[in-house]
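Asker: Give me a 3D structure for the following:
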Amino acid sequence: MPPTRTNTNKTPRKLTPSSIASSSKHTLDAIHVADIPESITPQYVYRAVTERKGLNEEERVRLIHELVGFQPRSLCHDISEEARKQVYVITDAIEDWARRTSGDNPKYETELTTGLVALETLLESHVDKAFDKFTAWVLRNAFEFSPELEVVLPWQKGLDFQRGEYVALLPQAQDTLDESLNEMRLKVEQARLLAHKLDLAEKKLDQRLNIARQRKAEVGFIKEIIDSAGLNPLNKPAQQLLPTLLSLHESLKPLEPIPLSTPTSTAGKQSINTHTKAWELGRSAYLNWALTKSLPSDISGGEGRVGGGDKLGEIEGDIRRIIGGESKGDSERVMGNL
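Answerer: Numbers count the residues shown, from 1 in each chain. Okay, here's the model as predicted:
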C-alpha cells in the first residue's frame, strides 16, 4: 500500500556522511538515495539551434497579450470611445446654453440645430484623427517588437521549448508523462516515509544510548574498585570450570534440603536463653531458679528437674504460712505476682 501524502512540500533532510559517529547516526549514513531521475524525458537530448524562425504578427500579438494581460487594440478602442463621449457632453452643454439665450424662439430653431450638427461633426472628425494616430503609435511602439528578436517572458526564462516540441511528438505524450510523474511521486513519498521512520528510530536509539551511558556512569565505581584492588579476570582454566559449576548448581536445585537435627535446634534455644534473665521467662521458671539457688548443689542437681513441681508447692505453702490466714487475699496477690 503506498504511503499517505504529506501536507507539506518540504524535501526530506539530506544526511551528510561522517567518518566518525558518536551516536546511532552512523547507521543512517549508509542508506542509498532514492533512484529518482532528474528528468521525465531522459531520452531527450538538447541541440543548439543556429537559425531561429521569427514570429508572425498573430504570434506577436498573442505574446504581448500574455505579457500585459489584456488586448492592446481593445485598450486603444476603449480610450478613443471615452474621448468621443466627451464630444457629446460638450455639444449638449452648448445646446442648453443657446436655448436659454434665445428664449426658445422659433426663428433660431433651424439655425441652432444646423450649427450643433456641424459642431458635433467637426469635433468627431478631430477626435477620430487624433486617436487613430494615437492607436497607430501605441501599437507600433509600446506594444510592438521586432520579429527577429527572441522574446522570452519572465516566467519562461530558462525553459527549453525544444523539449516541449519533443514531448508533443511522442505517441500518447500526455499519458506517458502522467504515468512517469505518478511513479516519481510515489518514490518521493516512500523516501519521505522512510526518512521519517529512520528519524524516529534514530531518536529512540539516542535515548537508549543516553540511558546506557547513565547506567555505566552509575556502576562505574565497581570497575574502579576492581582496578584499585588489583583484581584480574579469571584465567582460562578457571573460566572453563564455570559452566561445569553452573550445571552442577542447576542439577542440585530440585533436591530436598537436609533437615536440621533436634539437638542442634535445642542447643540453639539454650544458647538463646543463656542471655535471658530468669524472671523474664515466667513465674515457673523464676520459682525453679529460686529453688535451685536455695537448695544445696547435690540435691538440686538430681531433683531440680524431676521434683520441680513438688518443691514449688512446698514454697507456696511456706509463703502462705508465713503471711498467715488473715491476709489470704494478700497471699494470693503475692503468688499471682510471682
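
Asker: ok, residue 184 touching residue 39?
Answerer: No - with contact defined as CB atoms under 8 Å, residue 184 does not reach residue 39; the gap is 10.2 Å. For the C-beta atoms, the positions are set from N, CA and C on the backbone; glycine is no exception.

Asker: Count the neighbours of residue 292 for me.
Answerer: For residue 292, the tally of surrounding residues (other CB atoms under 10 Å) stands at 19.

Asker: quick one: it and residue 136, what's the gap?
Answerer: 151 Å (CB to CB, to the nearest Å).

Asker: neighbour count winner among residue 184 and residue 39?
Answerer: Neighbour count, other CB under 10 Å: between residue 184 and residue 39, residue 184 has more, with 14 against 9.

Asker: Just list the residues touching the more buried one, thanks.
Answerer: Neighbour list for residue 184: 36, 37, 40 [criterion: CB atoms under 8 Å, 6 or more residues apart in numbering].

Asker: Without its sequence neighbours, what residue ends up closest to the first one?
Answerer: Ranked by CB to CB, 6 or more residues apart in numbering and with sequence neighbours excluded, the top spatial neighbour of residue 36 is residue 187, at 5.3 Å.

Asker: now do the last one
Answerer: Computed as CB to CB, 6+ apart, the closest residue to residue 40 that is not its neighbour in sequence is residue 180, at 4.7 Å.

Asker: I'd like the distance between the one you found and residue 163.
Answerer: Applying CB to CB, the value for residue 180 to residue 163 is 14 Å.

Asker: just residue 194 next, same as before
Answerer: Where residue 163 is concerned, residue 194 sits at a distance of 31 Å (CB to CB).

Asker: Ok, residue 117 next?
Answerer: Distance, residue 117 to residue 163, using CB to CB: 63 Å.

Asker: Between the two, point out the one with more neighbours.
Answerer: Set residue 117 next to residue 163 and count neighbours by other CB under 10 Å: residue 163 wins out with 15 against 11.

Asker: what's stretch 92-102 in contact with?
Answerer: In this structure, residues lying in contact with stretch 92-102 by CB under 8 Å, 6+ apart are 108, 112, 115, 116, 119.

Asker: Of the residues you listed, keep whichever come out buried.
Answerer: By neighbour count, with 16 or more other CB atoms under 10 Å, those hold residue 112 as buried.
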